[in-house]
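Novice: Got a predicted model here, sequence first, then my questions.
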Amino acid sequence: MKNNKLDFTVRTFNVKEDKNGKLRIQKEKDPHALEKVRKMADQLFATPYKYVLHLDWDYPWPKHWLKEWRFHVFSLLHDEGLNLERIIIKPSPSREGGVHIWIHIAAARELTDDYINMLQFLCGDHHTRVWINTLRIDRGMKKCWNKLFTRHIWRKPFPKRCQRCKLREILNEMRKEYEFQTAEKQNP
């Protein structure tokens, strides 16, 4: 140590053949050695595993809630030892007012499918989707358990008594009114 700074000298060894055909080892100072060591250390301690969490929200939420939600997602991932890289929010093509969310994370360790599904649940994924993903994971589906669909493939028709249900009609009217009011607030 000199002047409270770390004295760091790295030497490289070159092996060369002399005139007689014998191998000689030469010591040389490498001016870029410290930079090479730093790059190697960065690669060792970098987060090698990249993942994308998929979330599906069926209904819109107030914009001022999203800022708070982002903070809590960041806190959750940080507490779990994961790095939040970015969040992408796009309108869902399958449901008016809904959104699909992709959360890009980096981890220093490999994450299991079940753990990723739990993180999606904790970040606010639709509970039915989480349950279906759990069933897919339990069945051994490795690559396609975590799908976000762009459209409904099949929707079970309501029985006639449900189509005439007053409670269902009231809830649908309330949802439409809420979406209209939310759209007015967001676009004055």
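Specialist: All right, it came through fine.

Novice: Kindly tell me how buried Asn133 is, as a neighbour count.
Specialist: 22 (other Cβ atoms under 10 Å). Where C-beta positions appear, they are placed from N, C-alpha and C, glycine not excepted.

Novice: For the spatially closest residue to it that is not a sequence neighbour, give me its contacts.
Specialist: Excluding its sequence neighbours, the residue lying closest to Asn133 (Cβ to Cβ, 6 or more residues apart in numbering) is Asn117, at 4.9 Å. When contacts are counted by Cβ atoms under 8 Å, 6 or more residues apart in numbering, Asn117 touches 130, 133-134, 137, 145-146.

Novice: ok, now how distant is Asn117 from Lys176?
Specialist: Noted for Asn117: a distance of 32 Å to Lys176, by Cβ to Cβ, to the nearest Å.

Novice: And Ser75, by the same measure?
Specialist: 34 Å.

Novice: now do Glu68
Specialist: 26 Å.

Novice: neighbours of Asn172, just the number please.
Specialist: As a burial measure, Asn172 scores 10 neighbours (other Cβ under 10 Å).

Novice: Okay, domains of the protein per the record?
Specialist: 11-45, 49-138, 163-188 (automatic domain parsing).

Novice: Out of those, flag the one nearest Pro157.
Specialist: domain 163-188 (8.6 Å; Cβ to Cβ).

Novice: quick check: mean pLDDT across that closest one?
Specialist: On average, the pLDDT along domain 163-188 is 75.

Novice: How about stretch 70-87?
Specialist: On average, stretch 70-87 scores 91.

Novice: what's the answer for stretch 120-140, then?
Specialist: The average of the pLDDT scores along stretch 120-140 is 89.

Novice: end to end, how far does it reach?
Specialist: Terminal residues of stretch 120-140 are spaced 19 Å apart (Cα to Cα, to the nearest Å).

Novice: again, but for stretch 52-72
Specialist: 17 Å.

Novice: Contacts made by it with the rest, please.
Specialist: By Cβ under 8 Å, 6+ apart, the list of residues contacting stretch 52-72 reads 87, 89, 92, 95, 97-105, 116, 119-120, 123-126, 129, 146-148, 175, 179, 182, 185-186.
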